[in-house]
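> got a predicted model here, sequence first, then my questions.
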Amino acid sequence: MIIGIQYFGACHHICEGMKTVRGTNDFYLIVTLRSFIEYHRRGIWFLAWATDGQVRAALNLTFDKPGSPGLVGMDKKLNDALGKGPVSPLTVPVVGLPGPPQEFVNGLHAITHGNPIAVRMLDHGIEKTFNIGKIYERVDMERDIFAVILRRRILGHDFSTIWKELLPIHNVPAQVKKSAAHFFPLARPHMGKFMAAPSGVPGSC
């Protein structure tokens, strides 16, 4: 549970940081997007699918040995649990980018590491390559999905019950946010320094 709380804390802070640059520095927002996705998928994987041994081993893992599947593999498991099948939208090519097609996740990776592909994206225009508004809304909703999962686990619910709750609402931002709002007052005693609820959410600091 602790490792899930730590990963959620990271997702939460990245999401809140994105709010501060939205509309003023969209390139910076995109640079942080892959980090958000990594923390989000890995945190849920440790909560939902890691064995006790894998969780214990996480205390001694390194960058070269992260102890969890690749990003696309974790994304497929989450989408499968949410009723979409073992698919990953992260592998969909970026539309409109000059040059050879690049998968969405590889485009983000290129931007993070300064690959030449990233320079082409900047020259082409970040706003032409990525739907910034839609990406931000998706990040906000995925942070709330993580909150719903973590709240249910703190309350002792098993994952079959959690996925059943999320199946009808996971693509409805308002309903996910409503369910996630109950998480923040519950989590504050567990998260302490990590946690301040997003503005506008019941229980906000």
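Arrived safely, thanks for sending. As the structure is a prediction and not an experimental result, all values here were calculated from the model. Residues are numbered from 1 along each chain as shown.

> pLDDT weak spots in the protein?
Flagging of the chain using pLDDT under 70 yields the residue ranges 61-67, 96-98, 184-205.

> ok, now with 50
Residue ranges of the chain with pLDDT under 50: 194-205.

> what's residue 93 sitting at in phi/psi?
phi -60, psi 150 (degrees, to the nearest 10).

> CA atoms only: put the helix or strand encompassing residue 160 into CSV for me.
Element membership for residue 160 (DSSP states H and E) is helix 159-166. C-alpha atoms of helix 159-166 as CSV (Å, rounded to 0.1, in the frame of the first residue of the first chain):
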residue,chain,number,x,y,z
PHE,A,159,-9.7,-5.5,-7.2
SER,A,160,-12.7,-7.3,-8.8
THR,A,161,-14.9,-4.8,-6.9
ILE,A,162,-12.8,-1.8,-7.8
TRP,A,163,-12.7,-2.6,-11.6
LYS,A,164,-16.5,-3.2,-11.4
GLU,A,165,-17.0,0.3,-10.0
LEU,A,166,-14.7,1.9,-12.6
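
> report the buried residues of the helix or strand following that helix.
Using DSSP H and E, the helix or strand that follows helix 159-166 towards the C-terminus is helix 173-180. Of the residues in helix 173-180, 175-177, 179-180 count as buried by neighbour count, 16 or more other Cβ atoms under 10 Å. Quick note: C-beta positions are derived from backbone N, CA and C, even for glycine.

> repeat for stretch 117-125
Residues of stretch 117-125 classed as buried by neighbour count (16+ other Cβ under 10 Å): 117-118, 120-121.

> which ones among the residues you listed map onto helices?
Using DSSP state H, 117-118, 120-121 are the members of the buried residues of stretch 117-125 that sit in helices.

> my read: residue 117 touches residue 110, true?
Yes. Counting by Cβ atoms under 8 Å, residue 110 is a contact partner of residue 117 at 3.9 Å.

> tell me which helix or strand the closest residue to residue 167 other than its chain neighbours sits in.
Leaving out its chain neighbours, the residue that sits closest to residue 167 by Cβ to Cβ, 6 or more residues apart in numbering is residue 83, at 5.1 Å. Here residue 83, judged by DSSP H and E, is contained in no helix and no strand.

> and the gap between residue 83 and residue 140?
21 Å (Cβ to Cβ, to the nearest Å).
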